[in-house]
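> Sharing a sequence plus its predicted fold:
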Amino acid sequence: MTIRRSRRAALAAAAALATLLSTAPTQAQTQAQAQAQTRGADAASAVRQRLPQDEVIYFLLVDRFANGDTSNDHGGYAAERLKSGFDPSDTDFYHGGDLAGLIQRLDYIQGLGATAVWLAPIFKNKPVQSRAGYTGAAHHGYWITDFTAVDPHFGDEATMHALVEAAHARGMKVYLDIVTNHTADVIQYRECPENDCAYRSRADYPYTRRGGVDGAPINEGFDGRDFSRLARPDYAYTPYVPAGEENAKFPAWLNDPIHYHNRGESTFAGESSLDGDFAGLDDLFTEDPVVVQGMIDIFGGWIDKYGIDGYRIDTARHVNPEFWQAFIPAMLERAKAKGIPNFHIFGEVFDADPAALARFTKDDSFPAVLDFAFQKQAVDVASGKSGTDALARLFEADAIYADGRDTAAILPTFLGNHDMGRAAYFIKEANPDASDAELLARVKLAHALMMFSRGVPTLYYGDEQGFAGAGGYGNSRQDMFDSQTPIYAAEAPIGGRQPAFSTNAPLYRAIAEMGRIRAAEPALRRGGQVTRAYGDKPGLFAISRLTDDGGEVLVVFNTSTAPVSAQVEVNAGSLNWRSLRGQCAPQASAPASYRVSVPPLDYLICKSA
């Protein structure tokens, strides 16, 4: 028996060795892997040398874009609607899109001329939440429980690495949408069993009294700065974590109510805009050094781990300036240490007033903010609701940003988004009797205004397929793939319904043409902008993009339904011209004067020789 066992053991060992040898990489394979890694690193390095204003951003919700792996549709949760949140027939539930699907469609995005992909939050979320009669799922990604992990509905760590590597190999950047203002709704208040607590102010409910100014003393000596003196969170309400959710969040410090404001629902006015719960979501005490350092560690870790290229920061206006003054420099420093010198950070400040936007670039240290002011004026002008002077006034305000027009040059400009609705919806609403041909022309014109004026053009996924939707939350989050959601499936897109991911859709072709022109002409990305012509009614709008060496590219738009011809001022040295798009006269009419003729709802681009 002993001899037979030894022989069997020897045979098994030999078989294992043979298997190991057969599967071990050869020297050639090892060299090939090393070369591939080197090529990947070289590609990423080349991508990172581009300035933010060189990009065209494509913003998407991963859940609504492409389903590359149906096995993760339920995210590893029980295959029940209210457990996993998966219901592709409901606008507010998961539909199955994931990172694997996005990787498969990068060529489609790049074909538009997009050079950076901005993803709605991909962190692990609480799958389903209910509040005030509403029940929905976290398809959007803003109900985060684990800030360090990829949501299992979207993929895993390996898929995230694969996405970044695949994008960089194509010369594309990856931007992540991040949240520091709040977490998922876990903390509840004893006083409000319906989870509908009204906001309680700092004056009426100071941190140093239990339940109001007449309450028992607590947190002795806490002045809003020395957080070692903040021991109890029950100054306004009595917060608690429901049984079973004590460890729902990660990192672990997020589970302690002491790190939250706990003052009830925000009214989005006054101090409640900073300290109130955003639609029930747990509002972080972002003045707390534990929260500040915790968020720096979390999102610095994503830079270190994945080598991403930028952050869009959600709900930026609902966080105190001191937090941003610490957080943003820390992110930029972390990125530089990783070899990412042009890490692009831009905040969401939902306001169409340039002065309100500019404040965040001065007081809060944001390098850039999403240009909501451009969104309003560009869509109104393209719709025919406003004269072209609205754009002239907008661009005059560029001087008020932190570094003036240098800051304005890196503001991401956009026409619509997942919260407010799509550009095509706004244009249809403003022109209810317009033909499809007119609507298509106006939507193209809106995109041209964005693609060729200062700033970083930001495309909203699906606009290139003519999606318009019914406006507002949910209705502007259509599936790019064949949809099971009735309201999405029934939509008649601008320019006609096309197969999923069609590159022949009229708007896809039009935007791709714009992308090629912009990529080929540095002045359209980096050139200083001068307004040349405008009026108080729909019609002519002209801008020049100027280079330091005296080059000039003239972009002329016609927002009216009649042809426009006019003399437009140009640089005196711009005498000879060639066409980049449309019919451009070969010579100036006289030094500093150039004749343009633009068809209705169209544009032309002319370059001085």
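The structure has been received and is ready for your questions. Numbers count the residues shown, from 1 in each chain.

> Tell me how many other residues surround M450.
M450 has 27 neighbouring residues, counting by other CB atoms under 10 Å. C-beta: built from backbone N, CA, C; applies to glycine.

> Contact partners for it?
F374, A378, T413, F414, L415, P457, T458 (CB atoms under 8 Å, 6 or more residues apart in numbering).

> how about a cut-off of 7 Å?
The contact partners of M450, by CB atoms under 7 Å, 6 or more residues apart in numbering, come to A378, T413, L415, P457.

> What about these, which are in helices?
A378 (DSSP state H).

> Redo the contacts of M450 as JSON lines? Include pLDDT.
Formatted as JSON lines, the contacts of M450 follow (pLDDT from 0 to 100):
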{"residue": "A378", "pLDDT": "98"}
{"residue": "T413", "pLDDT": "98"}
{"residue": "L415", "pLDDT": "98"}
{"residue": "P457", "pLDDT": "98"}
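
> Closest one to D602 out of the contacts of M450, please.
Nearest to D602 among the contacts of M450 is A378, at 15.9 Å by CB to CB.

> That closest one touches A446, doesn't it?
Yes. Applying CB atoms under 7 Å as the test, A378 and A446 come out as touching, 5.9 Å apart.

> Now do the shared contacts for these two.
L415.

> about what we covered before: redo the contacts of M450 as CSV? Include neighbour count and distance to T159.
Formatted as CSV, those follow (neighbours: other CB atoms under 10 Å; distance: CB to CB, whole Å):
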residue, neighbour count, distance to T159
A378, 26, 35
T413, 22, 30
L415, 25, 30
P457, 27, 28
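
> need the helices for the stretch 151-300 of the chain, in chain order.
157-169, 272-275, 289-306 (DSSP state H, counting those that start in this stretch).

> In TSV, list these along with mean pLDDT, distance to I218 and mean neighbour count.
Putting these into TSV (pLDDT from 0 to 100; distance: least, CB to CB, whole Å; neighbours: other CB atoms under 10 Å) gives the following:
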stretch	mean pLDDT	distance to I218	mean neighbour count
helix 157-169	98	42	19
helix 272-275	98	18	20
helix 289-306	98	19	18
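
> With distance to H259 added, can I get these in TSV?
Below are these laid out as TSV (distance: least, CB to CB, whole Å):
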stretch	distance to H259
helix 157-169	26
helix 272-275	13
helix 289-306	5
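
> and S266, which of the ones you listed is closest to it?
helix 272-275 (4.6 Å).

> neighbouring contacts of that closest one?
With CB under 7 Å, 6+ apart, helix 272-275 has contacts from Y199, H261, R263, S266, D283, R317, H318, V319, N320.

> now those as TSV including neighbour count and distance to T70?
Formatted as TSV, these follow (neighbours: other CB under 10 Å; distance: CB to CB, whole Å):
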residue	neighbour count	distance to T70
Y199	22	43
H261	28	40
R263	26	43
S266	23	38
D283	26	36
R317	19	38
H318	23	36
V319	26	38
N320	13	43
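
> Turn those into a markdown table, columns for pLDDT and distance to G573.
Output for the contacts of helix 272-275, formatted as a markdown table (pLDDT from 0 to 100; distance: CB to CB, whole Å):
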| residue | pLDDT | distance to G573 |
| --- | --- | --- |
| Y199 | 98 | 60 |
| H261 | 98 | 59 |
| R263 | 98 | 61 |
| S266 | 98 | 55 |
| D283 | 98 | 57 |
| R317 | 98 | 44 |
| H318 | 98 | 49 |
| V319 | 98 | 48 |
| N320 | 98 | 50 |
